[in-house]
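In: Pasted the sequence and its predicted model underneath.
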Amino acid sequence: MPRKSSPLFQLTDSSVRIGRQIRPMEVALEMPGDKSISHRSLLLASLASEPVRIEGLLGSADVGSTLAAIRKLGARARRTGESDCWMIQGRGIEGYREAEGPIDCGNSGTTVRLLTGLLAASPMFSIVTGDSSLRRRPMARVVRPLAAAGATLLGRDGGRLLPLAIQGCRMNAFDCEIPEPSAQVKTAMLLAAMKSSGVSRITQESRTRDHTERMFRYLGVPLTKRGATLEVTGPAEPRARELQVPGDPSSAAFFAVAALAVPGSRIEIRRVCLNPTRIGFVKVLQRMGASIQIRKTGEACGETIGDLITEHGPLRGVVVRAAEIPSLVDEVPVLAVAACLAEGLTRFRGISELRTKETDRVAALVREFSAMGAAIEAIDDDLIVRGPSPLTGASVESHHDHRMAMSLSVAALAASGVTEILGHRCVKISFPHFFDQLAEISGRTAQ
Ligand code: S3P
C-alpha cells in the first residue's frame, strides 16, 4: 500500500492516523459491489454451461477467495475491459473438477460455507480451509445439516473447525431446519438443494438476507417460499444470464454514519442495493432521529437499487430488537458509533452472532470503543451504549477485522485529537479503497 500522509490523515503500512473532522462533508459517492451478491454471482456462474458476464463485481480479498476457488474447480474467469466486469465460463451443474489440493478460502466465511454446500453435493473429494481467523470460526452449522443430507464431512474438533475434508455425493432431496440466524448456512443448503434430486425443504425461522432466493428466481432455479420454508426442486442448472452487482449497503453504512458524525454534513450514496433484509441499519438510524432519505432508482437481477441521502442532525438512543439483528448484523460496529453520538441509552439485543465473526466483535467493540472514551458494555447477549460519550483520540486495534477498522475510522472523525488505528489494512477484505474515499470526502490531502 502506498504511504500517504497529511497532518490529519496519515496512512502507513502499520496504521492509519485520523484527526477530528471539522469541515462539513458534502459529497455524492458510489460504493464498491455488494460482497454477498458478488460471492453468489461467481458461484452460480461457475455452475452454468454458457459464459456469464458479471458487472460490478467487488474486487476485494474475500471475493478473490471465491474467484480462486471456482478456478480450482475448473471454471474459467477473466476480466473484460473495465476493471469490475468479469466473464465466467462455468462447468455446468455436474461439472466441477476435483481440486488437486486444499481450497484456501482465506478470511472469507461466506466462501467457505457456501462452497461447502456445493462440494457436499458434488460426488468428489475436497478439502477446504482458511486463514487463522477462519480456522477459529464455527463450521458445525454447515457440517451437521450437510452430513444429515448424505455427505461425509470431517474436520478438526469433531467437524466444528476447518480444515474440512468433504466426500461429496449425488444427493437426494432433503428436509432441514436451520436454528442459526445465518444466511450463509441457509445459502449452503439452498446450493446443495439445487444440486440434489427432488424437492428439498429448508426452514429458517429468522429472516436473513435473501439474495440467493432472488438470484435463483432470476436464473430459473425452481424455488417456492411457504412461510419460513423454502422449497427447491433439483437438480437445476442456473441459466447463463448477465448479472449486475449493485453497491454494497454494508459499505454505505460507514459513510451514512460519517455524515451523522460531522456537523453540517450531507452524504449521498448512489446505486446501493436496497434489499430490505440488508438495510435494517437505515431503519435504526431513522428511529434514532437521523435524516436519511431512500430514493429508489431501479432494479437489477431481482434486487432494488437506489440512493441513500444522509444529513447530519441530533440522534437519540434506541432499542434494537433481536429480530432486527440479521438485517444489520454487519452494521452493529458502525451503529455503535452512532449510539456514542446519541443522547441516551442504546441497547442492541441478542447479538451473540457477532461473537462468531472475523473476530469476537462484541469483545473488540467494548475494548476499543472504551479506549476512545465510550460508555459501552456487554451484558449477556446485549450490547449497551450510553450516549452521548465525548470520544477522544486513542491508539486502537482493528483485531484484523475490516468492519472494526472502518467503524473506528468513522469514530475518529468525531473524536477529539488524533486516533491511530493499528492493523487497518484488513479493509481489503470488503472495501479496498475505503481510506482513499474517506480521505477524499473529508477534504484531506492523503499523500
Ligand atoms: C453473509 C451473511 C452474514 C454476514 C456476512 C455475509 C452472506 O453472515 O455477516 O458478512 O453473504 O450470506 P452469517 O450468515 O454468518 O450471519
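Out: Good, I have the coordinates. Residues are numbered from 1 along each chain as shown.
In: Which positions in the stretch 51-200 of the chain make contact with the ligand?
Out: Proximity of the stretch 51-200 of the chain to the ligand, by CB under 6 Å from any ligand atom, involves residues 110, 182, 183, 184, 187. All C-beta atoms are positioned from the backbone trio N, CA, C, and that covers glycine.
In: Let me have those in a markdown table, extended by pLDDT and secondary structure.
Out: Conversion of these to a markdown table gives the following (pLDDT from 0 to 100; DSSP: H, G, I helix; E, B strand; the rest coil):
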| residue | pLDDT | secondary structure |
| --- | --- | --- |
| 110 | 98 | helix |
| 182 | 98 | coil |
| 183 | 98 | helix |
| 184 | 98 | helix |
| 187 | 99 | helix |
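In: Mind picking the two most distant members of these?
Out: 110 and 182 (10.4 Å; CB to CB).
In: if we can go back for a sec, can you lay out the residues of the stretch 51-200 of the chain next to the ligand as JSON lines showing neighbour count and distance to residue 136?
Out: Shown next, in JSON lines, are those (neighbours: other CB atoms under 10 Å; distance: CB to CB, whole Å):
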{"residue": "110", "neighbour count": "22", "distance to residue 136": "16"}
{"residue": "182", "neighbour count": "23", "distance to residue 136": "16"}
{"residue": "183", "neighbour count": "27", "distance to residue 136": "20"}
{"residue": "184", "neighbour count": "23", "distance to residue 136": "16"}
{"residue": "187", "neighbour count": "28", "distance to residue 136": "21"}
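In: okay, those residues in a markdown table with distance to residue 120 next?
Out: Compiled in a markdown table, these are given as follows (distance: CB to CB, whole Å):
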| residue | distance to residue 120 |
| --- | --- |
| 110 | 16 |
| 182 | 16 |
| 183 | 18 |
| 184 | 14 |
| 187 | 13 |
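In: between those, which is closest to residue 149?
Out: Using CB to CB, these come closest to residue 149 at residue 187, 14.5 Å.
In: looking at it, that closest one is touching residue 113, isn't it?
Out: Yes. Residue 187 lies in contact with residue 113 (CB atoms under 8 Å); the separation is 7.5 Å.
In: mind listing the strands for the stretch 151-300 of the chain?
Out: Taking DSSP state E, counting those that start in this stretch, the strands of the stretch 151-300 of the chain run over residues 152-155, 161-167, 175-177, 198-203, 223-226, 229-234, 243-244, 266-273, 291-300.
In: Only C-alpha atoms, please: export the longest one in PDB.
Out: Taking Å, rounded to 0.1, in the frame of the first residue of the first chain, the C-alpha atoms of strand 291-300 are listed here in PDB:
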ATOM      1  CA  SER A 291     -32.400  12.300   8.400                       C
ATOM      2  CA  ILE A 292     -31.900   9.500   5.800                       C
ATOM      3  CA  GLN A 293     -33.800   9.600   2.600                       C
ATOM      4  CA  ILE A 294     -34.200   6.400   0.500                       C
ATOM      5  CA  ARG A 295     -34.600   7.100  -3.300                       C
ATOM      6  CA  LYS A 296     -35.300   4.000  -5.400                       C
ATOM      7  CA  THR A 297     -33.800   4.300  -8.900                       C
ATOM      8  CA  GLY A 298     -34.100   0.900 -10.500                       C
ATOM      9  CA  GLU A 299     -33.900  -2.900 -10.300                       C
ATOM     10  CA  ALA A 300     -31.300  -5.500 -11.300                       C
END
